[in-house]
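Asks: Okay, here's the prediction I keep looking at, along with the sequence it came from:
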Amino acid sequence: RSVTPTSRTRSPRHENDPEPGRVRVTIRVRPRNVEELSDADYADCVEVQPELKKLKLRKNNWNSEFYKFDEVFAESASQKRIYETVAKPVVESVLNGYNGTVMAYGQTGTGKTYTLGRLGKDDVSERGIMVRALEDIIVNTTPTSDSVEMSFLQLYMESIQDLLAPEKINIPIVEDAKTGEVSVPGATVVKIQDLDHFLQLLQIGEANRLAANTKLNTESSRSHAILMVNIRKSVKNDEETGSSFQENDSKTDRHGNQIPIVRKSKLLIVDLAGSERIDKSGSEGRLLEEAKFINLSLTSLGKCINALAENSPHIPTRDSKLTRLLRDSFGGSARTSLIITIGPSSRHYPETTSTIMFGQRAMKIVNTVKLREEFDYENLCRNLETQMEHLTVEIDR
Ligand code: ADP
Ligand code: MG
């Protein structure tokens, strides 16, 4: 009887999580910078209440608002603590076969890249989410049976550029009509050997990002950086997996051989362009184009978040490259965690307010998480070929 690949929707096993599908939203306030420390007129506009998971936003002495998030982190929060709260649950879920996204949103200079991309070469305690996530993934996969592959992309003015091969620009996004799987097949894909290898690739990507932006005379704050990690993990027969396969699904072929099962999943870590509105007045030529385009991607993300939060039947993901890329990894069928970064200074009160409102809307999104598990036919064929070879050798004898 024929065995068909399967991919079913079900709730993941997160016994301790009463709302497994909701987008997690965390706030991180960065410490005052040198400029702010030496500013005589400096005033904070935020006050963190970590135990209550609340943030107090002060407009002036008479006017404050409170906002509740999943977690609220003060200046003193360590990179380790941030990783464990914001990203680790997503990484665990990705290792169990679900897609997942970790995304940083905030004004330029508030710590998005520090939070996600910090390499921590001199001080491992400074390592950001990307490095810690890969560390976890590498420890929890087996090089002989599993594979971990990455691409590193930049999205600037609706063009995808390969940060591992910067001559590749305008790379198309491809969506599988049947499975809805989104990929960027034109981009460089590298199989990650170990953490040092990953650190090298990340460093190359960062350098290329900087060089590309210097060449164009733009700031990297205007582009989105996207780390895409694809995992193929084989499921062991004796593993208590919480598999979506039912009792009556055949797991053996007609000779009684076990058919290997592989889980495919994808982790996206997205360092978004600065959320500040770009002043279009006075801009012309490319700067004006840029202002429009960057607003397009972030505005479109905002629209999708609103639609998802309102449980709307139509999510306008086709409007921008960013939302098309995120289509199978944000909302709908994936685990998502959003980290909102803000600065403490009251000088940025208006931007900080709009950043916080973005986070508040995202708190309302509930996803249905989908497990992608299928029979590993490639592996099965390889096994059969090996068996055939053995038999042929025996017959020849
Ligand atoms: P963004 O990517 O949002 O533009 P960056 O991550 O580049 O911001 O951070 C701006 C500056 O603030 C950098 O010099 C960074 O090292 C510093 N910074 C940001 N967040 C923190 C933090 N939590 N602790 C210490 N320094 C930080
Ligand atoms: Mg940055």
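Replies: Arrived safely, thanks for sending. Residues are numbered from 1 along each chain as shown. Ligands and ions are numbered 1, 2, ... in the order given.
Asks: and the gap between the nearest residue to Thr353 once chain neighbours are set aside and Glu206?
Replies: In space, and not counting its chain neighbours, Thr353 is closest to Leu57: 6.6 Å by C-beta to C-beta, 6 or more residues apart in numbering. All C-beta atoms are positioned from the backbone trio N, CA, C, and that covers glycine. Going from Leu57 to Glu206 by C-beta to C-beta, to the nearest Å gives 32 Å.
Asks: circling back: in which helix or strand does the residue nearest to Thr353 reside?
Replies: strand 54-60 (DSSP states H and E).
Asks: Which positions in that strand come out as buried?
Replies: 55-58 (16 or more other C-beta atoms under 10 Å).
Asks: Kindly report the same for stretch 151-160.
Replies: So for stretch 151-160, counting by 16+ other C-beta under 10 Å, buried means 151-157, 160.
Asks: Same question for stretch 296-314.
Replies: Those would be 296-298, 300-309, for stretch 296-314 by 16+ other C-beta under 10 Å.
Asks: Next, see if it gets close to ligand 1.
Replies: No - counting by C-beta under 6 Å from any ligand atom, ligand 1 is not contacted by stretch 296-314; separation bottoms out at 13.5 Å.
Asks: so who does whatever residue of the chain ends up closest to ligand 1 touch?
Replies: At 2.8 Å from ligand 1, Gly111 is the closest residue in the chain, using C-beta to the nearest ligand atom. Residues in contact with Gly111 (C-beta atoms under 8 Å, 6 or more residues apart in numbering) are 28, 30, 341.
Asks: how about a cut-off of 6 Å?
Replies: Counting by C-beta atoms under 6 Å, 6 or more residues apart in numbering, Gly111 makes contact with 30, 341.
Asks: got a pLDDT number for Gln193?
Replies: Per-residue confidence (pLDDT) for Gln193: 93.
Asks: no, scratch that, I was asking about Glu19
Replies: 65.
Asks: follow-up on the earlier one: among the buried residues of strand 54-60, which one sits closest to Arg118?
Replies: Taking C-beta to C-beta as the measure, Leu55 is the one of the buried residues of strand 54-60 closest to Arg118, at 23.2 Å.
Asks: what separates that closest one from Phe358, distance-wise?
Replies: In terms of C-beta to C-beta, Leu55 sits 13 Å off from Phe358.
Asks: same question, Ser125
Replies: 30 Å.
Asks: out of these two, which sits in the more crowded spot?
Replies: A direct count of neighbours by other C-beta atoms under 10 Å for Ser125 and Phe358 places Phe358 higher, at 20 against 8.
Asks: quick one: what helix or strand has that one in it?
Replies: Here Phe358 is assigned to helix 349-362, by DSSP H and E.
Asks: Tell me the gap between that helix and the middle of its chain.
Replies: The chain centroid and the centroid of helix 349-362 are separated by 20 Å under C-alpha atoms, centre = their mean, to the nearest Å.
Asks: How about stretch 200-213?
Replies: For stretch 200-213 - counting by C-alpha atoms, centre = their mean - the centre lies 18 Å from the chain centre.
Asks: what about the helix holding Phe358 and ligand 1, touching?
Replies: No - using C-beta under 6 Å from any ligand atom, helix 349-362 never reaches ligand 1; the gap is at least 10.7 Å.
Asks: Quick one: mean pLDDT for that helix?
Replies: Helix 349-362 comes out at a mean pLDDT of 92.
Asks: List the buried residues for it?
Replies: Neighbour count says helix 349-362 has 349, 351-353, 355-356, 358-359, 361-362 buried, by 16+ other C-beta under 10 Å.
Asks: In TSV, list these along with distance to Ile169.
Replies: Shown next, in TSV, are the buried residues of helix 349-362 (distance: C-beta to C-beta, whole Å):
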residue	distance to Ile169
Tyr349	38
Glu351	30
Thr352	34
Thr353	36
Thr355	30
Ile356	35
Phe358	29
Gly359	32
Arg361	32
Ala362	30
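Asks: what would these look like in a markdown table with distance to ligand 2?
Replies: Converted to a markdown table, the buried residues of helix 349-362 look like this (distance: C-beta to the ion, whole Å):
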| residue | distance to ligand 2 |
| --- | --- |
| Tyr349 | 21 |
| Glu351 | 15 |
| Thr352 | 17 |
| Thr353 | 21 |
| Thr355 | 14 |
| Ile356 | 19 |
| Phe358 | 17 |
| Gly359 | 18 |
| Arg361 | 22 |
| Ala362 | 20 |
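Asks: which of the buried residues of strand 54-60 lies closest to Leu267?
Replies: Taking these together and measuring to Leu267 by C-beta to C-beta, the closest member is Leu55, at 27.5 Å.
Asks: Could you check the pLDDT of that closest one?
Replies: Looking at Leu55, the pLDDT reads 94.
Asks: now do Ser283
Replies: 63.
Asks: ditto for the one 5 residues further on
Replies: Taken from the predicted model, the pLDDT recorded for Leu288 is 72.
Asks: Would you mind identifying the next helix or strand past the longest helix along the chain?
Replies: Counting residues, the longest helix found in the chain (DSSP state H) is helix 285-309. Heading C-terminal from helix 285-309, the first helix or strand you meet, by DSSP H and E, is helix 321-326.
Asks: As PDB, could you dump the C-alpha coordinates of that following helix?
Replies: C-alpha atoms of helix 321-326 as PDB (Å, rounded to 0.1, in the frame of the first residue of the first chain):
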ATOM      1  CA  LYS A 321       9.200  41.100   0.000                       C
ATOM      2  CA  LEU A 322       9.600  41.000   3.700                       C
ATOM      3  CA  THR A 323       6.100  39.700   4.400                       C
ATOM      4  CA  ARG A 324       6.400  37.200   1.500                       C
ATOM      5  CA  LEU A 325       9.600  35.900   3.000                       C
ATOM      6  CA  LEU A 326       7.900  35.600   6.400                       C
END
